[in-house]
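Trainee: Fold the following.
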Amino acid sequence: MARKIHKTNAMRQLDRATVSYSMSRYETGGGIDALHVAESLGVAPEVIFKTLVVESSEKQHFVAVIGADQQLDLKKVAAHFAVKNVKMFDWKELKQLTGYVRGGCSPVGMKRALPTVIDSSAMELPEIYVSAGEIGTQIIIAPSDLAAVTGAKYADVHHAVC
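Mentor: Numbering: from 1, shown residues only. Next up is the predicted model:
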């Protein structure tokens with residue numbers, strides 16, 4: 001008898017939208033950052049994308065999806081969403097807002113859809129890895145499909161890590 005595959009909220013949403021994806025699992029070993037994920041999976045950091053939630057001074061929430069080897073440029077994110085400024089959202093409140101925990105936050109399948117931006121560097125890649133909604137599981141998906149299912153736009157929202 002075939003073993004049933006555990007599906008996360010993100011995977012179920014992709015299935016409902018008939019979006020093609022695959023998944024990959026990794027051992028966390030205590031590490032949850034995107035560079036650890038890349039190393040654990042044996043892939044280049046450039047294909048691992050992290051999901052970051054930010055908050056404006058008006059308490060609006062936005063999602064930014066950027067490469068593991070990148071740092072988020074808050075000014076660029078604020079400009080993209082046409083707000084005065086943004087700050088990183090308090091990770092202790094992440095589960096209440098998104099349904100996901102720090103290190104396992106997926107841009108797909110949040111409690112409610114938040115305006116999302118994907119860093120334009122993703123457009124150069126045939127597929128990227130994003131969290132599947134739990135620590136230890138990644139979704140491998142075409143950036144265009146991720147943008148379509150999340151309603152995201154592309155923009156340069158990072159600055160390179162030195």
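
Trainee: residues near the residue lying closest to Tyr21 once chain neighbours are set aside, how many?
Mentor: Spatially, and ignoring its direct neighbours in sequence, Tyr21 is nearest to Ile141 (4.4 Å; CB to CB, 6 or more residues apart in numbering). (Glycine included, C-beta is placed from N, CA and C.) Neighbour count of Ile141, defined by other CB atoms under 10 Å: 25.

Trainee: thought Ile141 was touching Ser131?
Mentor: No. Here Ile141 does not reach Ser131: they are 11.2 Å apart, not a contact under CB atoms under 8 Å.

Trainee: hang on, the earlier thing: pLDDT score assigned to the residue nearest to Tyr21?
Mentor: Looking at Ile141, its pLDDT reads 98.

Trainee: part of a strand, is Ile139?
Mentor: Yes. Counting by DSSP: H, G, I helix; E, B strand; the rest coil, Ile139 falls inside a strand.

Trainee: Distance of it relative to Gly29?
Mentor: Ile139 is 20 Å from Gly29, where distance means CB to CB, to the nearest Å.

Trainee: Which one's more surrounded, these two?
Mentor: Ile139 (25 against 10).

Trainee: Is that one bridged to anything, and to what?
Mentor: Met23, Val130 (DSSP bridges).

Trainee: which residues sit in contact with it?
Mentor: For Ile139, the contact set (CB atoms under 8 Å, 6 or more residues apart in numbering) comprises Ala10, Met11, Leu14, Tyr21, Ser22, Met23, Ser106, Val108, Tyr129, Val130, Ser131, Ala132.

Trainee: Which entries within those residues meet the buried criterion?
Mentor: For the contacts of Ile139, a burial check counting by 16 or more other CB atoms under 10 Å picks out Ala10, Met11, Leu14, Tyr21, Met23, Ser106, Val108, Tyr129, Val130, Ser131, Ala132.

Trainee: picking that back up, name the nearest of the contacts of Ile139 relative to Lys95.
Mentor: The nearest member of the contacts of Ile139 to Lys95, counting by CB to CB, is Ser106 at 12.5 Å.
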